[in-house]
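**Student:** Prediction below, plus the sequence it came from.
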Amino acid sequence: MSNNLLDCRSLTKDTIKRIMKKAANYKNDFINGRLRPELSGKTVFMLFLEPSTRTRCSFEMAIKRLGMIPINIYGSFSSITKGETLEDTILNLSKMHPSAFVIRHQDSGICCRLLDITDIPIVNAGDGTHAHPSQALLDLFTILEKKGTAKGLNVSIIGDILSSRVAKSDSELLTKMGCNVTLFGPATMLPERSYMPNVKIADSMKEAMSEKDVIILLRIQLERNSGGNISSLNEYHKHFGINQKLIERKTIIMHPGPFNRGVELSSDILKLDNIEIFNQVENGVFVRMAIFWWIISGGRKEK
Ligand code: CP
């Protein structure tokens, strides 16, 4: 049976650790000018049927650094516009024998359902409000790089939690690796307290911000109709936005992107030493290379 990356819940700790180690090796090789075209000649279909900048380019960069060939399929230029379903698209493309599919789609859970259609490995690049596992893995990698360990770290995720696949995947992955995860945002954007075992909901911004090792900010998902859950973006910034004065020295600040200046964060924080947002983007490529190594070549143990 092939490996698939569908969500973080189904990843074992051993797999997560191996992906982290392999990504660190890829990063080290890149820094030292060593190329790693380990999967040369293989082909990956990329179906991004929802907008993306970071994730799509990062997967494409990872594919190329491994010597593979990416084939991009965009919704508006595909036969999906002629009424072909995603399921039939995957069924047809599978007959061309790619080594993997990378899929972003607005339907929550679509990648899991596609397993009934194809034996080709599937990488979920974000499906509706369900999961964004490669983002969570690169978030973990960035945290490990800065903090050395995940165990016992206090992590807050602040923003539009209810609509966020990143909040779900980060919560699943980080709690599994030993972090204490707290969520906060406007009451209309928070889930039930029973959202996930071992995940706490804060009662105030002060509680969400104080004595945290990591703060992960999220944008408001206007594309999922979240705008109606707040009175205005200005009001949001006043109550839930982050500025220099709110950040403690030991806390690193992360954001999956795209970020909105003047909403979840103010521009003044972007130059601070504890901002990891652009390191997340850099690390994303190495983590996605490691994901392909695990998916396509079975993730043999690293020495
Ligand atoms: N973090 C993330 O998923 O960004 P994109 O939507 O630009 O891919």
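**Tutor:** Alright, I've got the coordinates. All figures in this text were calculated on a predicted structure; none of them were measured in a lab. Numbers count the residues shown, from 1 in each chain.
**Student:** Strands of this protein, start to end?
**Tutor:** Ranges of strands in the chain, per DSSP state E, are 43-48, 69-74, 100-105, 122-127, 154-158, 180-184, 199-201, 214-217, 252-254.
**Student:** pLDDT score assigned to C111?
**Tutor:** Looking at C111, its pLDDT reads 97.
**Student:** what's the neighbour count on it?
**Tutor:** 27 (other CB atoms under 10 Å). Backbone N, C-alpha and C define where each C-beta goes, glycine included.
**Student:** got it, and V199?
**Tutor:** 24.
**Student:** Please apply the same query to A131.
**Tutor:** 27.
**Student:** isn't it right up against L6?
**Tutor:** Yes: counting by CB atoms under 8 Å, A131 touches L6, with 6.8 Å between them.
**Student:** what touches both of the two?
**Tutor:** C111, N124 (CB atoms under 8 Å, 6 or more residues apart in numbering).
**Student:** where does the stretch 1-150 of the chain have low pLDDT?
**Tutor:** 1 (pLDDT under 70).
**Student:** Up against the ligand, what does it have?
**Tutor:** S52, T53, R54, T55, G126, Q135 (CB under 6 Å from any ligand atom).
**Student:** T188 versus the third one, what's the distance?
**Tutor:** It refers to R54. 27 Å (CB to CB, to the nearest Å).
**Student:** Settle it for me: which of the two has more neighbours?
**Tutor:** Neighbour totals were compared for R54 and T188, and R54 leads with 16 against 11 (other CB under 10 Å).
**Student:** Spatially nearest residue to that one, not counting backbone neighbours?
**Tutor:** Closest residue to R54 apart from its sequence neighbours, by CB to CB, 6 or more residues apart in numbering: G257 at 5.3 Å.
**Student:** check contacts around the one you found.
**Tutor:** G257 neighbours (CB under 8 Å, 6+ apart): T53, R54, I277, Q280, V281.
**Student:** check contacts around R9.
**Tutor:** E172.
**Student:** Next one: it from the ligand, what distance?
**Tutor:** According to CB to the nearest ligand atom, to the nearest Å, R9 stands 19 Å off from the ligand.
**Student:** now I247
**Tutor:** Counting by CB to the nearest ligand atom, the gap from I247 to the ligand is 21 Å.
**Student:** who's in contact with the one residue sitting closest to the centre of the chain?
**Tutor:** By CA atoms, centre = their mean, the chain has its centre lying nearest to Q135, at 1.5 Å. By CB under 8 Å, 6+ apart, Q135 lies in contact with T55, G126, V166, S169, D170, P256, G284.
**Student:** try 6 Å
**Tutor:** Neighbouring residues of Q135 by CB atoms under 6 Å, 6 or more residues apart in numbering: V166, P256.
**Student:** In the protein, mark out all the helices, start to finish.
**Tutor:** 13-31, 54-65, 86-94, 110-114, 133-147, 165-176, 205-209, 233-240, 277-296 (DSSP state H).
**Student:** okay, those helices in CSV with distance to P121 next?
**Tutor:** Shown next, in CSV, are those (distance: least, CB to CB, whole Å):
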stretch, distance to P121
helix 13-31, 14
helix 54-65, 13
helix 86-94, 11
helix 110-114, 11
helix 133-147, 13
helix 165-176, 18
helix 205-209, 37
helix 233-240, 38
helix 277-296, 5
